[in-house]
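Peer 1: Quick one, what's the 3D model for this:
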Amino acid sequence: MRHPSFLPGILLSLCLTACKGPEGSAGPPAWVLEAGRQAKQASLRVDPQGQAAFREGFLNGTEMVRKSRESGMRPFLPRQGAPFAAVPRTSPPPGVEILVPPPSLEVDPETGLQLAPAMGGSETFAQGQVEGFRWAWAQVGGTASPPPPPELPSQWIPWPPSSASLRLPGPALDGRILWLNDVLLWTAQTQGFPSRQRWRVFPWGRPRAAALGRDALWVALPDAALALDLDSGAIRKVAPSPGPMAAGEEDPGARERAWLKAQREDPAILAAREALRQRAAAGDPLAMFKLAMDLRDLDPASGQESLVWLRKAAAANHGEALMELGALHYYGRRVPEDKVEARRCFERAQAAGRPEARELLDLLFPRLP
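Peer 2: The predicted structure is shown next:
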């Protein structure tokens, strides 16, 4: 798998804004009044020097549950060692390679809550926050009926390399997914209800197949199958990758590694690339775009040359180049983030004969009813 140019990033906010209860309410529930005693008792298990920080974290965790109940919002579940959310950013400095960690669970199977890193001034505070949250969540019955895990699909729909998007028909839902520049976008619609349009950062490469379940979007990678929550996109389950999707498909991960090695070292490929560069220099828009894609993932210097040719191909009104450049501008990858320019690129791509550009416009720039 090629390593995309992204920097893991944004801390997920764990604290929800408190909402005042209605006038005349009966005051805080009994478990809130009990939280202080529980915090003191639980802190006896840690080193005396860290007991104050533990108690503070414990009460912070219980407060997260209380405020979520008052506001009617589902909270994030704090967990020590939970991964940070990844967001698309500009390319790293030359010579810096960003390695993407393997996908892991982002939803707690016992509670159905989305996981987020426990935060605070110390590890002891974070430990108390986790324990306080779980204690309070049990007090409000949050663990009484954990959601059933998503079922691995019996049938997968292969994603042809020539197709920018993939339709996912199903008995209960009908959907479509797209993958562009480490971002996965999807729609899911139940008959008679409005379509849900969602997206998430997806730095593990383009899925080789997908399936739409009743409550999860399944995507198949070379090394794993992931169940994504239809609304949040969080990973609910990680399963072994399914077998070959079509005749002759074997070990796509090894095939990807061999491709990258050949692109950098094979004399015939290097000669063909030079011929493509000459055609691009002569003004051929298709050659400009092919050269841009050919250079994109090789190394930082080639990535900069790739961007030059991509802009030239887009200026020549090449539809695929406009799609690629629009996605870069929308997410701020390798170019400054510019939603206006992104929309202009997608609109030009649609006019140039790329029907999937309309789907992207509907997903990223929904029209008012």
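
Peer 1: quick one: the strands in this protein?
Peer 2: 7-8, 77-79, 86-87, 115-117, 157-158, 165-169, 173-180, 183-190, 196-201, 209-212, 216-220, 225-229, 235-239 (DSSP state E).

Peer 1: Lowest average pLDDT across the ones you listed?
Peer 2: Lowest mean pLDDT within the strands of the chain: strand 7-8, a mean of 26.

Peer 1: Quick check: beta-bridge partners of the spatially most central residue of the chain?
Peer 2: Nearest to the mean C-alpha position of the chain, counting by C-alpha atoms, centre = their mean, stands residue 201 at 2.8 Å. Beta-bridge pairing for residue 201 (DSSP bridges): residue 183.

Peer 1: In the longest helix anywhere in the chain, which residues are buried?
Peer 2: Determined from DSSP state H, the single longest helix within the chain is helix 51-71. Across helix 51-71, burial judged by 16 or more other C-beta atoms under 10 Å covers 51, 53-70. Bear in mind the C-beta positions are built from the backbone N, C-alpha and C, glycine included.

Peer 1: Stretch 111-124 too?
Peer 2: Applying a neighbour-count criterion of 16+ other C-beta under 10 Å, one finds 111-120, 124 buried in stretch 111-124.

Peer 1: mind checking the end-to-end distance for that stretch?
Peer 2: One end of stretch 111-124 to the other measures 23 Å (C-alpha to C-alpha, to the nearest Å).

Peer 1: From the chain's centroid, how far away is that stretch?
Peer 2: Centre-to-centre, stretch 111-124 and its host chain are 19 Å apart (C-alpha atoms, centre = their mean, to the nearest Å).

Peer 1: picking up where we left off before, pretty sure the residue nearest to the centre of the chain sits against residue 180.
Peer 2: No: counting by C-beta atoms under 8 Å, residue 201 stays clear of residue 180, with 11.5 Å between them.

Peer 1: Need the strands of the chain in CSV (columns: distance to residue 275).
Peer 2: CSV is the format used below for those (distance: least, C-beta to C-beta, whole Å):
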stretch, distance to residue 275
strand 7-8, 35
strand 77-79, 53
strand 86-87, 38
strand 115-117, 50
strand 157-158, 32
strand 165-169, 31
strand 173-180, 28
strand 183-190, 33
strand 196-201, 36
strand 209-212, 34
strand 216-220, 36
strand 225-229, 40
strand 235-239, 43
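
Peer 1: Can you tell me which of these is nearest to residue 353?
Peer 2: Nearest of the strands of the chain to residue 353, taken as C-beta to C-beta: strand 165-169 at 15.2 Å.

Peer 1: hmm, back to that, point out the one among the strands of the chain that comes closest to residue 323.
Peer 2: Ranking those by distance to residue 323, with C-beta to C-beta as the measure, places strand 173-180 first at 7.4 Å.

Peer 1: Strand 165-169 and that closest one, what's the angle between them?
Peer 2: Here strand 173-180 runs at an angle of 160 degrees relative to strand 165-169 (axes from the mean of the first three to the mean of the last three C-alpha atoms, to 10 degrees).

Peer 1: helices and strands around strand 173-180, which ones?
Peer 2: strand 165-169, strand 183-190, strand 209-212, strand 216-220, helix 319-331, helix 356-364 (3 or more C-beta pairs under 8 Å, 6 or more residues apart in numbering; DSSP states H and E).

Peer 1: Out of the ones you listed, flag the one nearest residue 305.
Peer 2: helix 319-331 (14.5 Å).

Peer 1: what's the average pLDDT for the closest one?
Peer 2: In the prediction, helix 319-331 has an average pLDDT of 87.

Peer 1: Output that helix as PDB, restricted to C-alpha atoms.
Peer 2: Presented in PDB, the C-alpha positions along helix 319-331 are these (Å, rounded to 0.1, in the frame of the first residue of the first chain):
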ATOM      1  CA  GLY A 319     -12.100  16.200 -17.100                       C
ATOM      2  CA  GLU A 320     -10.200  13.700 -14.800                       C
ATOM      3  CA  ALA A 321      -7.500  16.400 -14.100                       C
ATOM      4  CA  LEU A 322     -10.300  18.800 -13.000                       C
ATOM      5  CA  MET A 323     -11.800  16.100 -10.700                       C
ATOM      6  CA  GLU A 324      -8.400  15.500  -9.100                       C
ATOM      7  CA  LEU A 325      -7.500  19.100  -8.700                       C
ATOM      8  CA  GLY A 326     -11.000  19.900  -7.300                       C
ATOM      9  CA  ALA A 327     -10.600  17.300  -4.600                       C
ATOM     10  CA  LEU A 328      -7.100  18.600  -3.700                       C
ATOM     11  CA  HIS A 329      -8.500  22.200  -3.300                       C
ATOM     12  CA  TYR A 330     -11.600  20.900  -1.300                       C
ATOM     13  CA  TYR A 331      -9.500  19.100   1.300                       C
END
